[in-house]
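Undergrad: Here's my sequence, what's the structure:
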Amino acid sequence: MTYKEELPSQCPPDDATDKPLPSVCRFFPFPESDPRNFFSHHKLGKRTGNASECRAKSISLFKTGAVPDLLAAKRTAFFKKCKIGLLNVPEGAGHSKESGNGHVDWWPFAEFDPFSSVVCVCESADDLKQAVEDAS
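TA: Next up is the predicted model:
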């Protein structure tokens with residue numbers, strides 16, 4: 001399989017799997033239909049701190065339960081300016097690995113359109129909570 005970005009060797013890691021990711025979120029800093037909403041930090045030219053090249057080339061997703069904590073944290077003022085995309089990523093979309101605190105690294109396959117997995121785009125954590133309840 002080929003991925004959206006050229007990945008270093010040993011990436012994704014061996015313990016990453018291609019599985020469905022129901023009810024995960026992606027923060028959208030750009031207008032809703034802008035493809036940059038699904039670019040990695042590496043592709044956007046953002047600083048990646050001490051993250052490995054492999055992680056820097058992944059797409060960060062979050063389990064819905066982690067979103068309120070992220071929005072409440074002092075270090076995440078950036079997230080408060082973003083909309084929140086609720087996604088249902090199907091099997092066959094790419095490899096992923098949970099990395100703790102509700103964070104998921106996702107390496108999408110080249111042929112997968114990530115916008116096809118967007119269920120809705122929310123303005124706030126309260127809107128997200130309602131959208132998750134409505135989807136249940």
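Undergrad: Pro90: neighbour count?
TA: Around Pro90 there are 14 other residues, counting by other CB atoms under 10 Å. All C-beta atoms are positioned from the backbone trio N, CA, C, and that covers glycine.
Undergrad: Tell me the confidence at the closest residue to it other than its chain neighbours?
TA: Computed as CB to CB, 6 or more residues apart in numbering, the closest residue to Pro90 that is not its neighbour in sequence is Pro20, at 5.5 Å. At Pro20, the pLDDT value in this model is 97.
Undergrad: Let me see the ranges of the helices in the chain.
TA: 41-44, 53-56, 67-72, 77-80, 125-135 (DSSP state H).
Undergrad: Give the other helices and strands that the first one contacts.
TA: Helices and strands touching helix 41-44, by 3 or more CB pairs under 8 Å, 6 or more residues apart in numbering; DSSP states H and E, are helix 53-56.
Undergrad: go again using 10 Å as the cut-off
TA: Counting by 3 or more CB pairs under 10 Å, 6 or more residues apart in numbering; DSSP states H and E, the packing neighbours recorded for helix 41-44 are helix 53-56, strand 59-63.
Undergrad: what's the answer for the last one, then?
TA: The elements that helix 125-135 packs onto, with contact taken as 3+ CB pairs under 10 Å, 6+ apart, are strand 21-28, helix 67-72, strand 83-89, strand 118-122.
Undergrad: Would you mind listing where the protein has pLDDT under the threshold?
TA: 66-80, 136 (pLDDT under 70).
Undergrad: switch the cut-off to 50
TA: Scanning the chain for pLDDT under 50 picks out the ranges 74.
Undergrad: picking up where we left off before, winner for burial among the helices and strands packed on helix 125-135?
TA: strand 83-89 (a mean of 22; mean count of other CB atoms under 10 Å).
Undergrad: Tell me what the residue nearest the centre of the chain is bridged to.
TA: For the chain, the residue nearest the mean C-alpha position is Leu61 (2.5 Å; CA atoms, centre = their mean). With DSSP bridges applied, Leu61 shows beta-bridge pairing to Val104.
Undergrad: That one touches Ile84, doesn't it?
TA: No. At 11.2 Å, Leu61 does not count as touching Ile84 under the criterion of CB atoms under 10 Å.
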